[in-house]
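# The following block contains a protein sequence and its predicted model.
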Amino acid sequence: MHTGSCLCGKVAFKIVGDLTPPNACHCGQCRRQSGHLWASTVTHQDNLSFTASDTLGWYRASDIAKRGFCSACGSFLFWQHNDEDTIAVSMGSLDEPTGLKLVRHIFVADKGDYYDIQDDLPQRAH
């Protein structure tokens with residue numbers, strides 16, 4: 001089981017079930033919402049339950065997905081595709097130890113010009 005929360009703790013959750021190895025997303029939307037790249041893991045939506053969620057808000061930055069955040073502290077917590085029964089969870093919101101290690105970079109064609117990817121992990125353009 002994994003637990004996590006936003007910065008202020010007004011959105012808190014637990015995950016019972018498997019988590020995928022995390023990606024680092026460099027797309028423009030993730031960079032703008034998180035302030036840099038966004039690292040996330042994925043689980044089945046039924047594995048996620050909330051112990052606090054009064055300030056959980058959802059924002060649709062595109063026609064294909066919604067982004068979950070805390071409306072009190074602004075933490076970017078979730079990303080969910082409209083047509084999938086999985087949900088991406090921010091690695092930064094998970095309590096440690098997570099037992100997970102970053103495995104790839106995605107949307108590197110959109111990465112910011114102010115940094116370089118310095119590791120040897122696989123990189124996908126999209």
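Great, that's in hand.

# Show me what counts as buried in the helix or strand of the chain with the lowest mean pLDDT.
Counting by mean pLDDT, DSSP states H and E, the weakest-scoring helix or strand in the chain turns out to be helix 28-34, with a mean of 94. For helix 28-34, burial by neighbour count (16 or more other CB atoms under 10 Å) applies to 29, 30, 31, 33, 34. Quick note: C-beta positions are derived from backbone N, CA and C, even for glycine.

# Show the contacting residues for the first one.
Okay, so that is residue 29. Going by CB atoms under 8 Å, 6 or more residues apart in numbering, residue 29 touches 61, 62, 67.

# Type out the PyMOL command that picks the buried ones from those residues.
Entered in PyMOL, the line below selects the buried ones among the contacts of residue 29, by 16+ other CB under 10 Å:
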select buried, resi 67
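
# What pLDDT does the model give residue 97?
With respect to pLDDT, residue 97 scores 96.

# what does residue 61 give?
The model's pLDDT for residue 61 equals 87.

# Can you name the residues that contact it?
29, 33, 67.

# Which of the three states applies to it?
Under DSSP: H, G, I helix; E, B strand; the rest coil, residue 61 falls in the coil class.

# Show the backbone phi and psi for it.
phi -90, psi -10 (degrees, to the nearest 10).

# Show me the strands in the protein, by range?
Here the chain has its strands, by DSSP state E, at 2-5, 12-15, 23-25, 38-44, 48-52, 56-59, 65-70, 76-81, 86-90, 104-106.

# Save those strands as TSV, and put in distance to residue 119 too.
Output for the strands of the chain, formatted as TSV (distance: least, CB to CB, whole Å):
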stretch	distance to residue 119
strand 2-5	24
strand 12-15	26
strand 23-25	9
strand 38-44	12
strand 48-52	29
strand 56-59	30
strand 65-70	26
strand 76-81	22
strand 86-90	20
strand 104-106	8
